[in-house]
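*Asks:* I need the structure of the sequence given here:
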Amino acid sequence: MEQEPVETTTYSLAASAPTQPDRRESDRYLSLLRVGAIVVDGRRELCLIRNISAGGIMIRAYSDIPLAKPLTIELKQGDPVRGVVRWNHDGLTGVTFDEPIDVVQLLAPAVDGPRPRLPRIEVDCTAWVRQDGDVIRTRVINISQGGICVDARSPLTAGAHVVVTLPGLTPAPGVVKWSAGSTYGIGFNRPLVLSNLVEWLQEQQVEQRRKAVA
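*Replies:* Numbers count the residues shown, from 1 in each chain. I've put the predicted structure just below:
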């Protein structure tokens, strides 16, 4: 199965800033990236956000921004975050935040606003996938309300009905939608309950911060 070449904004609970990519595998992407705003030398510009973590952000800017340049990024309206440019590569710019941000809080909707589904979020934890009579240990790459991406040492079958179990969440039935090497995308039969997923992500965020300082 071939994964559709779609590029979307990725969120990560990691404490470190996004690293410079080794290379671009393909330039044929349908871009569904989130739009943000940056302020450089008092000049306000739009940008496309490719990756956000607690420690930094990877963006596509529409003008050249030199290394070590301080700037401000507006991730939510009226809530600017300060950072410094650390690298530029192939049209992408990596920024390290002056202070870590709360990624889960960033995703939370306004009190009087709509409650959209969460986008996919990078998480480093274990998940168990039951396929037929086998229970396969996997490593989570990212998760959303609608599905999960895992790395599995044992093969999963395209179109197979599976059950995904994550510590602290109710087991979620789903279907294997695509594969790329040892990486598999599983779509849940029913979206995860938003409040349960947010609470679980907050717990994962605390755990990852604990590991970072251990």
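*Asks:* tell me how far the residue lying closest to Thr138 once chain neighbours are set aside lies from Gly133.
*Replies:* Excluding the flanking residues, the one nearest Thr138 by C-beta to C-beta, 6 or more residues apart in numbering is Val150, at 3.9 Å. C-beta coordinates here come from the backbone N, C-alpha and C atoms, glycine included. Val150 sits at a distance of 19 Å from Gly133 (criterion: C-beta to C-beta, to the nearest Å).
*Asks:* higher neighbour count, those two?
*Replies:* More crowded of Val150 and Gly133, by other C-beta atoms under 10 Å: Val150, with 24 against 5.
*Asks:* Gln205: which element?
*Replies:* Per DSSP states H and E, Gln205 falls inside helix 194-213.
*Asks:* chain center to that helix, what's the gap?
*Replies:* Its chain's average C-alpha position is 13 Å from that of helix 194-213, according to C-alpha atoms, centre = their mean, to the nearest Å.
*Asks:* sorry, back to before: what pairs with the residue nearest to Thr138 across the strands?
*Replies:* Following DSSP bridges, Val150 is listed with bridge partners Val140, Tyr184.
*Asks:* show me the helices in the protein, by range?
*Replies:* 103-107, 194-213 (DSSP state H).
*Asks:* which helices and strands sit right next to the first one?
*Replies:* Contact analysis of helix 103-107 by 3 or more C-beta pairs under 8 Å, 6 or more residues apart in numbering; DSSP states H and E lists strand 10-12, helix 194-213 as its packing neighbours.
*Asks:* so which of the ones you listed is nearest Gly174?
*Replies:* Evaluated over the helices and strands packed on helix 103-107, closeness to Gly174 peaks at helix 194-213, with 14.3 Å, by C-beta to C-beta.
*Asks:* for that closest one, what is the average pLDDT?
*Replies:* On average, the pLDDT along helix 194-213 is 81.
*Asks:* residues of it that come out buried?
*Replies:* Leu197, Val198, Trp200, Leu201, Gln204, Gln205, Gln208 (16 or more other C-beta atoms under 10 Å).
*Asks:* how much space between Pro191 and Gly181?
*Replies:* As judged by C-beta to C-beta, Pro191 and Gly181 stand 27 Å apart.
*Asks:* neighbour count for the two, which is higher?
*Replies:* Taking other C-beta under 10 Å, Pro191 and Gly181 do not tie; Pro191 has more neighbours (15 against 7).
*Asks:* I'd guessed the more buried one sits against Gly146; true?
*Replies:* Yes - taking contacts as C-beta atoms under 8 Å, Pro191 lies within contact range of Gly146: 5.4 Å.
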